[in-house]
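>>> based on what follows, work out the 3D shape:
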Amino acid sequence: MNQHKFCFIICANQERYLEECLRYIGNLRVPEGYEKETVVIRGAKSMTSGYNQAMQQTDAKYKIYMHQDVLLVNQDLLPELLSVFQSASVGMVGIIGKKEFMQSAEYSRNWDAGAAEVFNGTDAGFFNFSPEAAEGWLDVAAADGVMIATQYDLPWDEEFDGWDFYDISQSERFREAGYRIVVPCVEKAEDVWAFHDAGQCEYDMWEKYREKFCRKYSAKGYQYVRSPFIKNRSERREKQSRVMAAFGRQDFDEAGRLLMQCESGDLNSQMAYVVCYLVIRGEEMMAYNRILSGSLQEPDTFPDAYDEVKFMLRRFYFGQADGAWEVLREKLHEGKISMKFLWVVSHECVADSNRLWWRVFARYEEEIRSLVMQGEIIEAEKLLLQLDEKWRGKDGNILLILIQVFRREVEKGVQRGVFDYSLDPDELTRHFIRLKYYLRRVEFGLPERYQREAYEYCEQTGVSDYLILRILQNNIFYKEQFCRNLARIFAEEEGSGSMRAGLYTQLAESERKKKEVSNEQP
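Residues are numbered from 1 along each chain as shown. Below is the predicted model of the structure:
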């Protein structure tokens, strides 16, 4: 046996989840002088048979048995495992456990030690049960199979020939062998060892294996009594079938109505995707008055699209974002997802959604800036329009105004437009604000030399009439006075027959007539 080797053992049937799981394993720090490997068992008949098979394929002393939907987010997990395994009495380390013996063996519904962040398919939460544990470790009676590390090889009990109670039976075996089972004490959410994308658990076979476990270990004090929380399976299946049928025929209103009739425990993993789909769809309809994300146009493929986005967002969340934005960026530009899509998934897929959202939003803003600086003005506009006025902020709203002016300039064939001045968003914002202040000198009829400076600024920076008219529309209060003063300046600088002088004279007359009509109304 190799005393300086860690082996990660995973039973897998979902390759995309496995790929993400392996990514995080690959980023773990390995103690000096040690190595790590991974054994993946595909097509296992049960968790116990798969784990036993893998146990024979590695010579590693330290084995980490884990689910394919677990992300090991503590990069110092291996040094910490090595530290606790220095005690020969510790045989098993989990991340979640139960402190005391339970006669009913309902451990998995009553964990009270350790910590983890968990996603149930529609929402995520941080569970921290034991921040007060001395020396960073807490002894438990049983450990959750989401991740179990061992330093001794005890065969897994293949009487548990499904996907339930393999962890509880193995915990009992280690206790019988005289070994301690411990879980780490975690003081704050950022220090959790693992994130579990658990989805919805229906407990269909759980009760069967709990009964088997209690009868097998009755001499240890276990006693089986049917759990009252187990729901009627046929009734639950009927509810699920009706929801999925409505969703399948794209009757989303009916699917939503049926979901509202479901109780806790009625959801399965398929229905969780339906919930997420309907939430994203509703947000887009409210924000854009239409479905913007191409991924929503094909409901059958939505689960894969949703999973890919949540995986990328979690990389941001856990500080492992290499390549993540590039994937999201491509999806945004291809129209497969929208900013609302990102917003919803960000607030569903992790516990501290605000921390994640602001990281993503910062990259989104950077993307808009980058597009402008590359001259991709219309692409930048598409992304800006996916944000409401509040989210765009002052600079974003100014940039959107300038893009709208740019569109008008292009339409009218203006030779020198707003983006000829600069492609730097910060400089463009300063330019817009500076221009606005210059034009207010004209509005309020400041001394002639100050108004002349306004004209000179417009000439030097290539301000078109379309930009001036936009500011007139939204930022000038005394519109008639402004237009008369500006017409006079253009007449003085460019001649009385100047087209611009004539334009603003006409606009001044138009504003005068509006006021007369307004004054005549009772």
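>>> check this protein and tell me which residue is nearest its centre.
Among the residues of the chain, Ser346 comes closest to the average C-alpha position under Cα atoms, centre = their mean, at 2.7 Å.
>>> how close does that residue sit to Ser269?
Per Cβ to Cβ, to the nearest Å, Ser346 is found 20 Å from Ser269. Glycine gets a C-beta too; all of them are placed from N, C-alpha and C.
>>> repeat that for Gln200.
When Cβ to Cβ is applied, the distance between Gln200 and Ser269 equals 5 Å.
>>> what of Leu423?
With distances taken as Cβ to Cβ, Leu423 is found 47 Å from Ser269.
>>> what of Leu446?
Between Leu446 and Ser269 the distance is 68 Å, computed by Cβ to Cβ.
>>> which residues belonging to the helix or strand containing Lys36 are considered buried?
Under the criterion DSSP states H and E, the helix or strand holding Lys36 is strand 35-42. Across strand 35-42, burial judged by 16 or more other Cβ atoms under 10 Å covers Lys36, Thr38, Val39, Val40, Ile41.
>>> what residues sit buried inside the helix or strand of the chain with the lowest mean pLDDT?
Of all helical and strand segments in the chain, the minimum by mean pLDDT, DSSP states H and E falls on helix 499-520, at a mean of 87. Of the residues in helix 499-520, those buried by neighbour count under the rule 16+ other Cβ under 10 Å are Arg500, Ala501, Leu503, Tyr504, Thr505, Leu507, Ala508, Glu511.
>>> centre of the chain to it, how far?
Computed by Cα atoms, centre = their mean, to the nearest Å, the chain-centroid distance of helix 499-520 equals 52 Å.
>>> and if you look at stretch 353-367?
Centre-to-centre, stretch 353-367 and its host chain are 10 Å apart (Cα atoms, centre = their mean).
>>> what residues does that stretch touch?
124, 313-314, 316-317, 321, 325, 328-329, 332, 339, 342-343, 346-347, 350, 383, 391, 396 (Cβ atoms under 8 Å, 6 or more residues apart in numbering).
>>> and these, which of them are buried?
Listed as buried from the contacts of stretch 353-367 are 124, 313-314, 316-317, 321, 325, 328-329, 332, 339, 342-343, 346, 350, 383, 396; burial here means 16+ other Cβ under 10 Å.
>>> just the ones of those residues in helices?
In helices, judged by DSSP state H, the following of the buried ones among the contacts of stretch 353-367 are found: 313-314, 316-317, 325, 328-329, 332, 339, 342-343, 346, 383, 396.
>>> one step back: restricting to C-alpha, output the next helix or strand after the strand holding Lys36 in CSV.
On the C-terminal side of strand 35-42, the closest following helix or strand by DSSP H and E is helix 47-55. As requested, the backbone C-alpha atoms of helix 47-55 are provided in CSV (Å, rounded to 0.1, in the frame of the first residue of the first chain):
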residue,chain,number,x,y,z
MET,A,47,-22.8,2.3,-4.5
THR,A,48,-21.3,-0.4,-2.3
SER,A,49,-20.4,-2.6,-5.2
GLY,A,50,-18.8,0.3,-7.1
TYR,A,51,-16.8,1.4,-4.1
ASN,A,52,-15.6,-2.2,-3.4
GLN,A,53,-14.5,-2.5,-7.1
ALA,A,54,-12.6,0.8,-6.9
MET,A,55,-11.0,-0.2,-3.6
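>>> could you export the buried residues of strand 35-42 as CSV, including distance to Val70?
Output for the buried residues of strand 35-42, formatted as CSV (distance: Cβ to Cβ, whole Å):
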residue, distance to Val70
Lys36, 16
Thr38, 13
Val39, 15
Val40, 13
Ile41, 15
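>>> could I get the residues you listed as a markdown table with pLDDT and distance to Leu28?
Supplementary listing: the buried residues of strand 35-42 in a markdown table, determined by pLDDT from 0 to 100; distance: Cβ to Cβ, whole Å:
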| residue | pLDDT | distance to Leu28 |
| --- | --- | --- |
| Lys36 | 97 | 7 |
| Thr38 | 98 | 11 |
| Val39 | 98 | 16 |
| Val40 | 98 | 16 |
| Ile41 | 98 | 20 |
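>>> ok, the residues you listed vs Val279, which is closest?
Using Cβ to Cβ, Val40 comes nearest to Val279 of these, at 33.5 Å.
>>> so what sits opposite the closest one in the bridge?
Ile10 (DSSP bridges).
>>> can you tell me which residues contact it?
Ile10, Cys11, Ala12, Leu18.
>>> confidence score at Gly265?
In this prediction, Gly265 carries a pLDDT score of 79.
>>> that one reaches Arg233, doesn't it?
No: here Gly265 does not reach Arg233: they are 10.9 Å apart, not a contact under Cβ atoms under 8 Å.
>>> give me the element the closest residue to Glu211 other than its chain neighbours is part of.
Closest residue in space to Glu211, ignoring its immediate chain neighbours: Tyr224 at 4.8 Å, by Cβ to Cβ, 6 or more residues apart in numbering. Per DSSP H and E, Tyr224 falls between elements, in no helix or strand.
>>> how about Tyr224, what does it touch?
With contact set as Cβ under 8 Å, 6+ apart, Tyr224 has these partners: Ser104, Ala105, Arg210, Glu211, Cys214, Arg215.
>>> one more: Asp465?
Each residue near Asp465 by Cβ under 8 Å, 6+ apart is listed here: Arg500, Leu503.
>>> distance of it relative to Arg512?
Asp465 sits 20 Å away from Arg512, taking Cβ to Cβ as the criterion.
>>> so which residues of the stretch 401-522 of the chain form helices?
Using DSSP state H, counting those that start in this stretch, the helices found in the stretch 401-522 of the chain span residues 418-421, 425-443, 448-461, 465-475, 479-494, 499-520.
>>> any chance of the ones you listed in a markdown table, plus distance to Leu138?
Converted to a markdown table, the helices of the stretch 401-522 of the chain look like this (distance: least, Cβ to Cβ, whole Å):
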| stretch | distance to Leu138 |
| --- | --- |
| helix 418-421 | 61 |
| helix 425-443 | 52 |
| helix 448-461 | 67 |
| helix 465-475 | 62 |
| helix 479-494 | 72 |
| helix 499-520 | 76 |
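>>> surely Leu77 and Val30 touch.
No: if you go by Cβ under 8 Å, Leu77 and Val30 don't touch, sitting 10.3 Å apart.
>>> more crowded one of the two?
Using other Cβ atoms under 10 Å as the criterion, Leu77 and Val30 rank with Leu77 on top: 23 against 14.
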